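Engineer: Here is a sequence together with a model predicted from it:
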Amino acid sequence: MTARAEVAAELKVRMRILLTEIEALRVQLKEFFGESTKLTLSADAVAKELGVSERWVADAMRDGRLPSVKFGRQRVIPFQALVEFIEAGGEQ
């Protein structure tokens, strides 16, 4: 097998692994949020799920306790960041 073929084979294996991980994440999303399969959530959606005010979520994003990403004018929370935040007991 040539070096190029070996690299191609390794990339195919990595791609299968990534696809499996993505599917596992989708399953986690469905279990956590029902049928929603979004990878990011708005502050109001997070507030509703956690049972807190949008102001609390905004403050947590602003002071860095709850990681967020800015898309255009809106700030969203990556699903994985929310999971880690919850697993850490709400403190990071």
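Structural biologist: Nice, thanks for sending it over.
Engineer: List the buried residues of the lowest-mean-pLDDT helix or strand in the chain.
Structural biologist: The helix or strand of the chain with the poorest confidence is helix 3-33; it has a mean of 82 (mean pLDDT, DSSP states H and E). Across helix 3-33, burial judged by 16 or more other Cβ atoms under 10 Å covers Leu29. Quick note: C-beta positions are derived from backbone N, CA and C, even for glycine.
Engineer: Counting by contacts, list what that helix packs against.
Structural biologist: helix 79-87 (3 or more Cβ pairs under 8 Å, 6 or more residues apart in numbering; DSSP states H and E).
Engineer: Quick one: end-to-end length of stretch 29-49, please.
Structural biologist: Criterion Cα to Cα, to the nearest Å; first-to-last residue distance in stretch 29-49 is 13 Å.
Engineer: who's in contact with that stretch?
Structural biologist: Stretch 29-49 is contacted from outside by 25-26, 53-54, 56-58, 61, 66, 68-69, 71, 74-79, 82-83, using Cβ atoms under 8 Å, 6 or more residues apart in numbering.
Engineer: which of those are buried?
Structural biologist: Using 16+ other Cβ under 10 Å, the buried ones in the contacts of stretch 29-49 are Val57, Ala58, Met61, Leu66, Ser68, Arg75, Val76, Ile77, Phe79, Leu82.
Engineer: Filter those down to the ones in helices?
Structural biologist: Counted as lying in helices by DSSP state H, out of the buried ones among the contacts of stretch 29-49, are Val57, Ala58, Met61, Phe79, Leu82.
Engineer: just these now: which is nearest Val13?
Structural biologist: Phe79 (25.9 Å; Cβ to Cβ).
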